[in-house]
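S.K.: quick one, what's the 3D model for this:
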Amino acid sequence: MQTRDKRFKTLLCAVAQGLEEQDLARSRESGRKAVEEFQAYFAKVDAHLTPATRVLTDEDVVRLVKDAR
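M.R.: So this is what the prediction gives:
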């Protein structure tokens, strides 16, 4: 038979674990929403790009940013 302190500690651990799982689930949901919003924003912005900007590579953009500094 468990002592009252041991049962209390076991209960606290179970509650803490449940809260951690809820926090993790909320974080994952928040991250998923952020990615969806990010993708939606860039899909919207991409529709307004000029033909010249569509052909730029990542390396071109990095070079342009460095040159601008």
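S.K.: gap between the residue most central in space within the chain and E37?
M.R.: Relative to the mean C-alpha position of the chain, the nearest C-alpha, by CA atoms, centre = their mean, is the one of G31, at 3.1 Å. Using CB to CB, to the nearest Å, we find G31 at a distance of 11 Å from E37. Any C-beta I mention is one placed from the backbone N, CA and C, and that applies to glycine too.
S.K.: now the helix or strand hosting L19, how far from the chain's geometric center?
M.R.: Here L19, judged by DSSP states H and E, is contained in helix 4-46. Distance, stretch centre to chain centre, for helix 4-46: 11 Å (CA atoms, centre = their mean, to the nearest Å).
S.K.: pull the CA atoms of the next helix or strand after that helix into PDB?
M.R.: For helix 4-46, the following helix or strand on the C-terminal side (DSSP H and E) is helix 51-54. Extracted C-alpha coordinates of helix 51-54, given in PDB (Å, rounded to 0.1, in the frame of the first residue of the first chain):
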ATOM      1  CA  PRO A  51       8.300  38.500 -64.400                       C
ATOM      2  CA  ALA A  52      11.800  39.800 -63.600                       C
ATOM      3  CA  THR A  53      11.500  38.900 -59.900                       C
ATOM      4  CA  ARG A  54      10.200  35.400 -60.700                       C
END
